[in-house]
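Peer 1: Dropping the sequence and predicted coords here.
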Amino acid sequence: MKLTIKKWSAINDREVILNGESKLVFASTAATDQKLEAAYRALGVAYPKFFKMDAQSKLGWLSAEYLCEGVKLFDASVGKDVALVLSNRKSSLDTDEHYQQSLTNEEEFLPSPAVFVYTLANIVAGEICIRHGIKGENNFLISESFDAASLVNYVSILFEEELCQQCLVGWVEAYHGKLRSVFAFIEKTTEGKAGLLFTIENLNQVYQTSEL
Amino acid sequence: MTWITGMGAVSAIGLDVASNYQSLLEGKDGIGYTEYIDTYHKRILPVGEVKLSNEQLIDLLSLDKRDIYSRTELLSIKAASEAYAQACLGEIKDRTRIAFISGTSVGGMDLSERYYKGYELEGKRELVTNFRKHGCYKHTESAAKALNVKGISTTISTACSSAANAIIYGARLIDAGLADIVIAGGVDPLSKFTINGFNSLKILDTEPTRPFDDSRVGLNLAEGAGYIVLESEQSMKQRGIQPLGRLLGYANTCDAYHQTASSPEGKGAVLAMSKALELAGILPSAVDYVNVHGTGTQNNDLSEGTALKTVFDGKVPSFSSTKSYTGHTLGASGGIEAAYSLLAINNGVVYPNLRFKTSIADLGLIPQQQVEYKTVNVVLSNSFGFGGNNTSLVFGR
Amino acid sequence: MSELISKLKQQIVDQLNLADVDPAGIDENASLFGEGLGLDSIDALELILLMQKNYNIKIATAEEGQKIFSSVRAMADFIETHQKA
C-alpha cells in the first residue's frame, strides 16, 4: 500500500512552515511564550484552553491546527478513524523541571495540579484529540533522535490493518525555550496523483528541510 | 498469529511471577508505607513498593556496582530477564530478530530527583553525570543491552497505558515480519515526583484502595515492571517451545474528552474494548474474566463500569481490579496485568477484587469477591491512561 | 466585600491562565463551572491552591471545593467567614 504526505507543518524558533512555505515569521526578540501566542493569534480561532497548556502542548496543538486547516477529518462515527502518532526525545522534561522546582521549594510547598498534568509526554496528543475529536489510535514514541523509520513502520501498519484512514504523525519538543515540531498528514495515495510519498527518506527530508 | 512464550513481573506483591501468583491466591496485598523514599508523605500515603532496595536489586541482578542505575532500569531488567528466561531466549542465534519494546511514564525520574536539588539550587554542577539515565528511552537501552537483544528497540510513553501499548506495538512488529520475537511491557518506579503529583490531583487514598466500591476515594501509587514475550507461530514451532497463550486482539483509542478525566459514559473505553474483541473475532459473551483498569478513583471506576455495562450489554462477566493488591504501577500496569491474565488462563482461576463491600450506587456492579477456580479461556485486560489513551488487550489459549 | 471580590477575580484569572478574560467582566454571581467560565476539575484543584496560597485556607477534598467555588461571591463569603473565625 502506498501512502502520501498530503500536507506537512513545522514550527521552529524562527517561523511557522506549511508545506515548505513560511506562514509566519516570529519577531526575533520575542520570548517563547510570545511566539506561541503569535502563532495562535494568527490562526484567528478562539480556544481559551490553549492558554492553560504547557509550551510543548501549545506547540503540538498549533502544529496540528496549521496542518488541519482546510482538511476534513474523518469522523469515527462513520467507521473511519484518524490516528495520531507523535514522538520526541525529552518526553515532557521542560514541564517536569518546572514541576520539580515546585517540589524543591520547601517554604512554599504548593505543587500545582495544572502543571503536573503536563508532565506526561502524551498529554499533547490528548489535547490534539480533544480539539479535533480524534478517537482512533494515539501513541507517543520516545527516541534519542528523530526516528523516521519507526514512525513510517508504525503508521504503515495502522493503514495496512485498516485501523485508520487518516493519520497525523510527527515530532514535537519544546525545551528551555527551544521549539521544534514537524507534523505530517498521511492518507492513502490516490492513483495517478503526484504527491510526496510517505517514505522514510521523504519524512527525513521534511524534518531536515524544517530545521532551523 | 501472536503467541506468548514468556512472562516476567515484579511488583509490591512479589519479585517474580510465581510469588505474585501466590499473593493473588492468598489475598495478600502489598500496600504499605514506603521504606525507600524520603517523602513528606512517607507515613501518610501508603504505596505499593517493591520490597527490595536498589542495592539489593543490583546484587540480585549481578550488575556492575561501580555504575549508577535508576530504579526504573533495575525493575525493568529484573522482570524482562524473567520473561526472557522462561521463553529460553538465550538459545536464539540471530539476536537482530528479537525486539524490545518498553513503556514508561517517568523514566529515570527516581534517580534524577535525588540530585536535582543539589544541581539546580546548590550549584553542584558535578552532579550532572547523574542525569544521564533520566531519559525515558534509557531503561529500554539498558535492558536490551543486558539481554543482548539487537532487534528493534522502542520506548513508548502514553501514561498508564504505556505497557499495554508496548504489547500492541510488539504484536504488530511480528505481524509485519519486522521481528520474530518481541519482549514487550513496561516499568515505572515510585518517585516523589509522582507521589506529589497524584496527591495534588487529590486522587490518592490514605488507606488501601477500594476499587469499584461505592466508598472509594482514590488509588495507591505503586511501582513495578511486567513483560511478556510475544512470538510468531513459525518461530515458536521451530523452537518447540510451549506457549502460555495467545494475544487474540487489541485496540487503542482516544477518549478525546479531557486531559485527565474519563468521559462519564466511557466512550474511549467502550471503543477500545469493542474493537479489541472485534479484532479477536470474539463475542463479548465469550469473555470469562476482565482484569479491569480499576484504579479506585471516583472517576475511573464509574466511567469504566459504565463502559463495561455497555460493551457486555448489562451481562458483565467476572471482573476484578488487581490494583487492590499491587496499587497502581502506572506505565507498568499493562505488563504486570498481562502476566496475571495469562496466569488466570493457565491455572483456571480468577482473583478477587480486595476490600469490596458495596456496589457503586449508579452501577450496581459486583466484582469477583473470592478466588474462584473455573475454566478461563478468554481474558480482557484494560489499561487506560491520562490523555484519554485507552487500551484493551484480549488474551486466550 | 466588593474589594475582596475584585481582588479574587484578578487572582482567579491569574491562577487559571484565563488569558482572554477581563477580570472586571466576570459576573460574581454566575456559576464558575459548567457554563460560566467553563472551568473543569483541574481548575477546581487550582482554586484550592489559590485559597491556600492567598488566604491560608486549606480545603481537603475536591468535593468540598466544588461547593465553595460555586461563584466568586460564594468564594468571597467563605473567605470572610473563615477569616473572622
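Peer 2: Thanks, I have it. Numbering: from 1, shown residues only, chains lettered A, B, ... in the order given.

Peer 1: To which secondary structure element is B:Leu393 assigned?
Peer 2: Here B:Leu393 sits within strand B:389-396, counting by DSSP states H and E.

Peer 1: list the buried ones in that strand?
Peer 2: B:Asn389, B:Asn390, B:Thr391, B:Ser392, B:Leu393, B:Val394, B:Phe395, B:Gly396 (16 or more other C-beta atoms under 10 Å in any protein chain shown). C-beta coordinates here come from the backbone N, C-alpha and C atoms, glycine included.

Peer 1: Does A:Cys129 touch A:Ala83 like I think?
Peer 2: No: if you go by C-beta atoms under 8 Å, A:Cys129 and A:Ala83 don't touch, sitting 10.0 Å apart.

Peer 1: Got phi/psi on the nearest residue to B:Ala83 once chain neighbours are set aside?
Peer 2: Excluding the flanking residues, the one nearest B:Ala83 by C-beta to C-beta, 6 or more residues apart in numbering or on different chains is B:Gly8, at 3.5 Å. For B:Gly8, the backbone dihedrals are phi -150, psi 140 (criterion: degrees, to the nearest 10).

Peer 1: Return the per-residue confidence for residue 200.
Peer 2: Picking chain A for this. pLDDT for A:Ile200: 97.

Peer 1: think we crossed wires, I meant chain B
Peer 2: For B:Ser200, pLDDT reads 91.

Peer 1: Most proximal residue of chain A with respect to chain B?
Peer 2: A:Gly126 (3.2 Å; C-beta to the nearest C-beta).

Peer 1: give me every residue that touches that residue.
Peer 2: A:Asn138, B:Cys254, B:Ala256, B:Gln259, B:Phe386, B:Gly387, B:Gly388, B:Asn389 (C-beta atoms under 8 Å, 6 or more residues apart in numbering or on different chains).

Peer 1: Try it again at 7 Å.
Peer 2: Going by C-beta atoms under 7 Å, 6 or more residues apart in numbering or on different chains, A:Gly126 touches B:Gln259, B:Gly387, B:Gly388.

Peer 1: Point out the least confident one among those residues.
Peer 2: B:Gln259 (91).

Peer 1: now it: how far from A:Trp61?
Peer 2: Look at B:Gln259 and A:Trp61: by C-beta to C-beta, to the nearest Å, they are 12 Å apart.

Peer 1: what sits in contact with each of those two?
Peer 2: Both B:Gln259 and A:Trp61 are in contact with A:Glu127, where contact means C-beta under 7 Å, 6+ apart.

Peer 1: before we move on, back to that, I am assuming the residue nearest to B:Ala83 contacts B:Ser76, so please confirm or correct that.
Peer 2: No: between B:Gly8 and B:Ser76 there is no contact under C-beta atoms under 7 Å: 9.8 Å.

Peer 1: Of those two, which one has the most company?
Peer 2: Taking other C-beta atoms under 10 Å in any protein chain shown, B:Gly8 and B:Ser76 do not tie; B:Ser76 has more neighbours (33 against 29).

Peer 1: Name the nearest residue to the more buried one, sequence neighbours excluded.
Peer 2: Nearest to B:Ser76 is B:Val187, by C-beta to C-beta, 6+ apart, at 4.1 Å.

Peer 1: helix or strand for that neighbour, which one?
Peer 2: Taking DSSP H and E as the criterion, B:Val187 maps to strand B:181-188.

Peer 1: Centre of the chain to the helix or strand B:Ile174 falls within, how far?
Peer 2: According to DSSP H and E, B:Ile174 maps onto helix B:162-175. On the basis of C-alpha atoms, centre = their mean, to the nearest Å, the separation between the geometric centre of helix B:162-175 and that of its chain is 13 Å.

Peer 1: Could you confirm whether that helix reaches chain A?
Peer 2: Yes: judged by C-beta under 7 Å from any C-beta of the partner chain, helix B:162-175 and chain A are in contact via B:Asn165, B:Arg172.

Peer 1: Can you tell me which helices and strands that helix packs against?
Peer 2: Helices and strands touching helix B:162-175, by 3 or more C-beta pairs under 7 Å, 6 or more residues apart in numbering or on different chains; DSSP states H and E, are strand B:98-103, strand B:153-156, strand B:181-188, strand B:224-232, strand B:245-254, helix B:333-347, strand B:389-396.
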